[in-house]
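Q: attaching a predicted model along with its sequence, questions to come.
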Amino acid sequence: MTKVQVSERGFSNGSRDRERRNLCGNVPTKRCFLVTIDSSVSSPASVTRQIIIAITLVALAVLIWKVVDVFVIAFGGIIFATILRAMAEPLAQRTALSPRLSLLVVVIVLVVSSGLMFWLFGRQAIQQFEQLREELPVAAEKFQGWLSESRMGQTMVNSLQQAAEDGNPVSQAGLALGATIGGIGNIVLIMVVGVYFAADPPMYREGALRLLPPVRRPPVRLALDDAGSALRKWLLAQVIIMVVVGTLVGVGLALLGVPLALSLGLIAGLLEFIPIVGPMVAAIPGILLAFAVGPETALYVLIFYIGVQQIEGNVLTPLVQRWAVHLPPVVAVLSIVVAGLLFGILGVIFATPIAVVVMAMVKHLYVEDTLEKNRPKPQRAKPRES
């Protein structure tokens, strides 16, 4: 029910009489009653509407949680589409080809070049990865033997062995096989989605904007454009770093006499896509294989990996960040942790580009459009009159 409050107000001579005439009109009495509606008490229709909104939001959150893999795959498709558009747009600008025909040419060139690279180096890479799979357990055993020579190392070895014995080998093999098949399927799906996104980006962007109120569409459109530009710059910078780091690691390990240097360089280059965490993971197989050669070689390899990361952090990254997006290290680490907990291994892979997009959106839609716009302008001090 709507709550009605009745307030009694009295009047006296003078100004109070004028106030009575303004509020009560020509009421002959000296007292009038003002009836006000208390809007703090909601009507049944308003309460029902609020309940429906709350249930809808909860259902939407549950739906997003259930289809979280779809969200990650869609974002992976956006990344692949960004790469395709970055190559197709310059081709369309410098030739008479249409955007879609330029995209088709880029896809054909990528497929042919990938097939050519696989024909030239694929067999060697597959053989090295197979040898890597066989030699890593042997290198790990030698590393465990070296650790067992000290009391602290023996404690670490016992903990690792206990953790390995707690798992069922059959179930672990089944999980590994399922993860491999699922990973290949996700990669294929990301590529297919990326091609469709790249074929007509305005259609998907404008379709998403139509879900917003008309007054909010221009700032969100601008934020999406800036986020796409930031993502493109970050991807280009990251590809440059991946190529340089992979080449340095492959050549350096070959000079140090570490076996399977080609596959280790490929691993280092690919894992460089995941900042901070990826290089640490990439160094593990190289150091283990170096232990198969000798502890001194392993020490040299450890120093070499540290040197490569110093070059990447102090030389390469500052150079590319002059025109790319600067992502603070703390934000990168926290985004990897959060995305890993929410989305799994795909979240870890795409955590940093997701953080780049979120930072660009927050900058435009919250910092500039809300905080900066509502901030009062500083007033200049008036000159004193002499």
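A: Nice, I can see it.

Q: only C-alpha atoms for contact and neighbour calcs from this point on.
A: Noted.

Q: which residues in the chain form strands?
A: For the chain, the strands defined by DSSP state E cover 4-10, 31-37.

Q: lowest mean pLDDT across those, which one is that?
A: Least confident of these, judged by mean pLDDT, is strand 4-10 with a mean of 44.

Q: contacts for stretch 246-257, please.
A: Here stretch 246-257 makes contact (Cα atoms under 8 Å, 6 or more residues apart in numbering) with 259-270, 297, 300-301, 304-305, 308.

Q: mind listing which of those residues are in helices?
A: Among the contacts of stretch 246-257, the residues falling in helices (DSSP state H) are 261-270, 297, 300-301, 304-305, 308.

Q: just the buried ones from the residues you listed?
A: 261-270, 297, 301, 304-305, 308 (16 or more other Cα atoms under 10 Å).

Q: check those residues and tell me the two furthest apart.
A: Maximum pairwise distance among those (Cα to Cα): 23.9 Å, between Leu270 and Thr297.

Q: what about the stretch 251-386 of the chain, any weak spots by pLDDT?
A: The model of the stretch 251-386 of the chain has pLDDT under 70 over residues 322-323, 369-386.

Q: could you do the stretch 51-200 of the chain as well?
A: Where the stretch 51-200 of the chain drops to pLDDT under 70, the residues are 64, 66, 147-183.

Q: that one: helices as residue ranges?
A: Under the criterion DSSP state H, counting those that start in this stretch, helices of the stretch 51-200 of the chain are mapped to 68-94, 99-117, 123-147, 151-166, 169-199.

Q: just name the most buried of those helices.
A: Most buried of the helices of the stretch 51-200 of the chain by mean neighbour count (mean count of other Cα atoms under 10 Å) is helix 68-94; its value is a mean of 19.

Q: what inclination does that one have with respect to helix 99-117?
A: Helix 68-94 runs at 110 degrees relative to helix 99-117, counting by axes from the mean of the first three to the mean of the last three Cα atoms, to 10 degrees.

Q: from the buried ones among the ones in helices among the contacts of stretch 246-257, which is closest to Pro201?
A: For those, the residue nearest Pro201 by Cα to Cα is Leu270; the value is 27.2 Å.

Q: just give me the neighbour total for the residue nearest to that closest one when sequence neighbours are not counted.
A: Spatial nearest neighbour of Leu270, excluding adjacent residues (Cα to Cα, 6 or more residues apart in numbering): Met242 at 6.5 Å. Met242 has 23 neighbouring residues, counting by other Cα atoms under 10 Å.

Q: and the pLDDT for Met242?
A: Reported pLDDT for Met242: 91.

Q: correct me if wrong: it contacts Leu266.
A: No. Between Met242 and Leu266 there is no contact under Cα atoms under 8 Å: 9.2 Å.

Q: which neighbours do these two share?
A: Common neighbours of Met242 and Leu266, counting by Cα under 8 Å, 6+ apart, are absent.

Q: nearest to Ile184, of the buried ones among the ones in helices among the contacts of stretch 246-257?
A: Of all these, Ile184 sits closest to Leu270, with 15.8 Å by Cα to Cα.

Q: against Leu327, how distant is that closest one?
A: According to Cα to Cα, to the nearest Å, Leu270 and Leu327 sit 19 Å apart.

Q: nearest to Met359 among the helices of the stretch 51-200 of the chain would be which one?
A: Set against Met359 and scored by Cα to Cα, the helices of the stretch 51-200 of the chain come closest in helix 68-94, at 15.4 Å.

Q: how far does that closest one sit from the chain's center?
A: Remark: helix 68-94 is offset 15 Å from the chain centroid, using Cα atoms, centre = their mean, to the nearest Å.

Q: and for stretch 213-222?
A: Computed by Cα atoms, centre = their mean, the chain-centroid distance of stretch 213-222 equals 23 Å.

Q: and if you look at stretch 271-280?
A: 14 Å.

Q: can you give me the buried ones in that stretch?
A: For stretch 271-280, by 16+ other Cα under 10 Å, it's 271-276, 278-280.

Q: contacts for it?
A: Applying Cα under 8 Å, 6+ apart, the contact partners of stretch 271-280 are 238-239, 241-242, 245, 268, 281-282, 309, 329, 332-333, 348-352.

Q: quick check on those: which are buried?
A: 238, 241-242, 245, 268, 282, 309, 332-333, 348-352.
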